[in-house]
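Peer 1: A predicted structure for the sequence below; I have some questions about it.
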Amino acid sequence: MDSEAGRAAVSVRGFSAYYGGKEALRDVSLDVPENCVYALIGPSGCGKTTLLRSINRLNDFVPSFSREGEIYVGGTEVFSLSDRRGTERLRRGIGMVFQQPNPLPISVRGNMALPLAEHFRVPRAEMDARIVDRMKQGAIYDELKDKLRSSALALSGGQQQRLCIARALMLDPPLMLFDEPCSALDPIATYAIEDLLSSLKRDRTIVIVTHNMEQARRVADYTAFFYLGKLVEHGPTERIFSQPGSRLLSDYITGRV
Amino acid sequence: MKGRDHRLDSALGIAYSWISMLLMAAVCLFILVTVARYGAGKLSLEFLITEPGASAVDIEGGGILTPLIGTVLLTMLGMLAALPFSLATAVYICFYARPGALLTLVETAVDILAGVPTVVIALFSLSIFVLPQFGFLSAMIETDGDGGGMAYGRSFLVCAVTMAIMILPFVTKSIIESLRSVPGSYIDGAFALGAGKWRVVAQIALRCARPGIVTGTVLGMGRIVGDTAIVWFALGGTLRMTGVQPWYMPENWISTLRNTGSTLTTYIYYTSPAGEGNSFDTAFGASLVLIGMIILLNAAAALVGRAWGGGNGQDAG
Ligand SMILES: Nc1ncnc2c1ncn2[C@@H]1O[C@H](COP(=O)(O)OP(=O)(O)O)[C@@H](O)[C@H]1O
Ligand SMILES: [Mg+2]
């Protein structure tokens, strides 16, 4: 177990989460191997977002949140980080992309520069080169290279979402979390993002929450199925969908839950 | 049957809305036309740049220079004094205060203070600023006998501080509202990038809330421009500036600020038949200028709001 945890990008151990008295996750344990896409699926309200936001300690901002158990990212137990600097450093190593694209109401370039402007004094030429490179990685450069100075809010939803991905890439995070990144997008924008995911996983690990089982099938190497706060089943995506090991999962796959 | 009733109801409703709207437009227009008809004859550059007569009785000859300056001065000083406190309080309430009794108390106090009539705040200011400790804001007056002194308690400075107190809850509330309407996804997104709390507040929340903050500020300034009770109590009843003359010389500015004067609102009172001036024309002339100021203020706010607004945010990157 421990040796497996050593190679895992994320390792969740006996993790339970609560909002006030209400349980959102119960005793979840799973390992996310490095350089893969790991999908979290399950009906709405089963705790997928809660798990994702626990990995980068974003739930710290929910006053009623509490938890038991541990989550290891790159060998560090995230809840053992007790000071502000520690959690901020943790978050900088974990890119996060939300359901609703959230570029700030400033220029495209301003959005791209944001993550670096925070902590590092980067010479302008270097910054520009990095922005171009990460926008290329985010498969958005060709579309936006003439719009760097215009408002990010003028872009289409799909472009905004890829801009947010490229923005997260500015910090070269070895781990990225996606919370239903395509649920606000049309099918074409969705395919663009799915393509992007498979190129991104070459040198980083991706955890993605999705509502869309076809999407999990297309992009994920591993899939974990949650139901009412519990991890019901997890394993290689192939196996999960072809031989569901539980009635609950097969009902979910066939659309009966 | 039923269908017809519905149609009748909605026809009546629409007619009622129409008539109300027309009535309202008519009243607004009537007021503006009256103000313009009486006041327009008075308007001239000279009216704007001449000081009023020393007393309201010989008002006919003078202009509105000092009341105009008084209004502008109080509006700027009052807002300059209030805005930093309002911003800090709103940021604290929205981002730092823990929910609990203290927060509830502060929010309730702000709510109540926002509803207190300005004449009560004026009365409060009068009782406080005559204390000798506040003599530096106005002037000391010797009371014979006991050797102690009292402050005069009325001056531009006293009045500006009182105006600031008057608009504080109002501006604070509007900043709180605009901060709370900043989408949570912006805040989450910035935290997820590893931004520190102060940066998220200062560069994300305050930046996105800027249009709302500008609007709140301008509405607060409008309240100062239009207030009369506080001017009565805290600025005093002289038409002209009463500090060392000439009041406009830089070396006399401090003295001017520590002494009394008037604003457009009190000037309107003095020159009207209700005051001593008995001159509708003069009062309406000043009213026209007052209305013009408010229109300018709102136009400026709209411009600033558009330039800074969330919608087309461009930046130097
Ligand atoms: N901030 C919150 N405060 C209280 N309860 C919450 C909060 N966020 C989520 N929950 C509850 O926790 C449970 C799990 O929610 P969530 O993790 O968002 O599920 P999912 O992402 O799978 O739809 C739900 O019952 C939800 O109502
Ligand atoms: Mg969710």
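Peer 2: Everything's here; your move. Ligands and ions are numbered 1, 2, ... in the order given.
Peer 1: wait, does stretch B:201-219 contact chain A?
Peer 2: Yes - Stretch B:201-219 comes into contact with chain A (Cβ under 8 Å from any Cβ of the partner chain), by way of B:204, B:207-208. C-beta: built from backbone N, CA, C; applies to glycine.
Peer 1: mind listing the helices for the chain?
Peer 2: Answering for chain A, as no chain was given. Remark: helices assigned in chain A by DSSP state H are A:2-7, A:48-55, A:84-92, A:108-119, A:124-137, A:141-144, A:157-169, A:187-200, A:213-219, A:237-242, A:247-253.
Peer 1: was after chain B, sorry
Peer 2: Chain-ordered helices for chain B, with DSSP H as the definition, fall at B:2-39, B:45-49, B:65-91, B:101-115, B:118-129, B:156-180, B:184-192, B:197-199, B:206-208, B:210-226, B:229-234, B:253-257, B:264-271, B:280-308.
Peer 1: just to revisit the earlier point, okay, the residues of stretch B:201-219 next to chain A in JSON lines with pLDDT next?
Peer 2: Listed next are those as JSON lines, based on pLDDT from 0 to 100:
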{"residue": "B:204", "pLDDT": "87"}
{"residue": "B:207", "pLDDT": "86"}
{"residue": "B:208", "pLDDT": "86"}
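Peer 1: Switch these over to CSV; also include neighbour count and distance to residue A:234.
Peer 2: Below are the residues of stretch B:201-219 next to chain A laid out as CSV (neighbours: other Cβ atoms under 10 Å in any protein chain shown; distance: Cβ to Cβ, whole Å):
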residue, neighbour count, distance to residue A:234
B:204, 21, 36
B:207, 19, 42
B:208, 21, 39
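Peer 1: Up against ligand 1, what does the stretch 1-150 of chain A have?
Peer 2: A:19, A:24, A:44-50, A:62, A:64 (Cβ under 6 Å from any ligand atom).
Peer 1: Could you give me the PyMOL syntax to select whichever of those residues are buried?
Peer 2: To isolate the buried ones among those in PyMOL, judged by 16 or more other Cβ atoms under 10 Å in any protein chain shown, type:
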select buried, chain A and resi 24+46+47+48+49+50
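Peer 1: In strands only, show me the residues of the stretch 1-150 of chain A next to ligand 1.
Peer 2: When these are checked against strands using DSSP state E, the ones located there are A:19, A:24.
Peer 1: Most widely separated two among the residues of the stretch 1-150 of chain A next to ligand 1?
Peer 2: A:44 and A:64 (19.9 Å; Cβ to Cβ).
Peer 1: Show me the shaky parts of the stretch 51-200 of chain A.
Peer 2: Along the stretch 51-200 of chain A, the parts satisfying pLDDT under 70 run over A:118-120.
Peer 1: And the residue of it that's closest to chain B?
Peer 2: Per Cβ to the nearest Cβ, residue A:92 is where the stretch 51-200 of chain A lies closest to chain B, at 3.4 Å.
Peer 1: residues near that residue, how many?
Peer 2: Using other Cβ atoms under 10 Å in any protein chain shown as the criterion, residue A:92 is surrounded by 20 other residues.
Peer 1: What about chain B: which of the residues of the stretch 1-150 of chain A next to ligand 1 touch it?
Peer 2: Of these, not one also sits near chain B (Cβ under 8 Å from any Cβ).
Peer 1: mind putting the residues of the stretch 1-150 of chain A next to ligand 1 in CSV, distance to residue A:228 included?
Peer 2: Written out in CSV, the entries for those read as follows (distance: Cβ to Cβ, whole Å):
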residue, distance to residue A:228
A:19, 15
A:24, 10
A:44, 11
A:45, 8
A:46, 6
A:47, 8
A:48, 12
A:49, 14
A:50, 12
A:62, 20
A:64, 19
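Peer 1: what's the closest of the residues of the stretch 1-150 of chain A next to ligand 1 to residue A:33?
Peer 2: For these, with residue A:33 as the reference and Cβ to Cβ as the criterion, the closest is residue A:48, at 18.9 Å.
Peer 1: Check whether that closest one really touches residue A:207, as I assumed.
Peer 2: No - using Cβ atoms under 8 Å, residue A:48 makes no contact with residue A:207, being 9.8 Å away.
Peer 1: I'd like the distance between the residue of the stretch 51-200 of chain A closest to chain B and residue A:197.
Peer 2: As for residue A:92, its distance to residue A:197 is 21 Å (criterion: Cβ to Cβ, to the nearest Å).
Peer 1: Give the burial count for the nearest residue to residue B:236 once chain neighbours are set aside, as a bare number.
Peer 2: Among residues not flanking residue B:236 along the chain, residue B:260 sits closest, at 3.2 Å (Cβ to Cβ, 6 or more residues apart in numbering or on different chains). Residue neighbour count, defined by other Cβ under 10 Å, stands at 24 for residue B:260.
Peer 1: thought residue B:260 was touching residue B:240?
Peer 2: No - taking Cβ under 8 Å as the contact criterion, residue B:260 and residue B:240 are not neighbours in contact, 9.0 Å apart.
Peer 1: Could you pull up the contacting residues of the residue nearest to residue A:245 when sequence neighbours are not counted?
Peer 2: Once its chain neighbours are removed from consideration, residue A:245 has its nearest residue in residue A:233; the separation is 5.4 Å (Cβ to Cβ, 6+ apart). Residue A:233 is in contact with A:224-225, A:240, A:244-246, A:249, counting by Cβ atoms under 8 Å, 6 or more residues apart in numbering or on different chains.
Peer 1: In the sheet, which residues pair with residue A:233? Tell me.
Peer 2: Beta-bridge partners recorded for residue A:233 (DSSP bridges): residue A:225.
Peer 1: And the residue of the stretch 101-250 of chain B closest to ligand 1?
Peer 2: Using Cβ to the nearest ligand atom, residue B:184 is the residue of the stretch 101-250 of chain B that sits closest to ligand 1, at 10.2 Å.
Peer 1: separation between that residue and residue A:98?
Peer 2: Counting by Cβ to Cβ, the separation of residue B:184 from residue A:98 is 10 Å.
Peer 1: who's more crowded, these two?
Peer 2: Ranked by neighbour count (other Cβ under 10 Å), residue B:184 and residue A:98 place residue A:98 first, with 21 against 12.
Peer 1: Give me the phi and psi angles of the more buried one.
Peer 2: Backbone torsions of residue A:98, given as degrees, to the nearest 10, read phi -100, psi 170.
Peer 1: what residues do residue A:48 and residue A:207 have in common as contacts?
Peer 2: Counting by Cβ under 8 Å, 6+ apart, the common neighbours of residue A:48 and residue A:207 are residue A:40.
Peer 1: in chain B, what residue is nearest chain A?
Peer 2: Distances between chain B and chain A by Cβ to the nearest Cβ are smallest at residue B:194, namely 3.4 Å.
Peer 1: Pull the contacting residues for residue A:237.
Peer 2: Contacts here follow Cβ under 8 Å, 6+ apart; on that basis residue A:237 touches A:39, A:216-217, A:220-223.
Peer 1: Is residue A:131 in contact with residue A:170, as I believe?
Peer 2: Yes - in this structure, residue A:131 sits in contact with residue A:170. The criterion is Cβ under 8 Å, and the distance is 7.5 Å.
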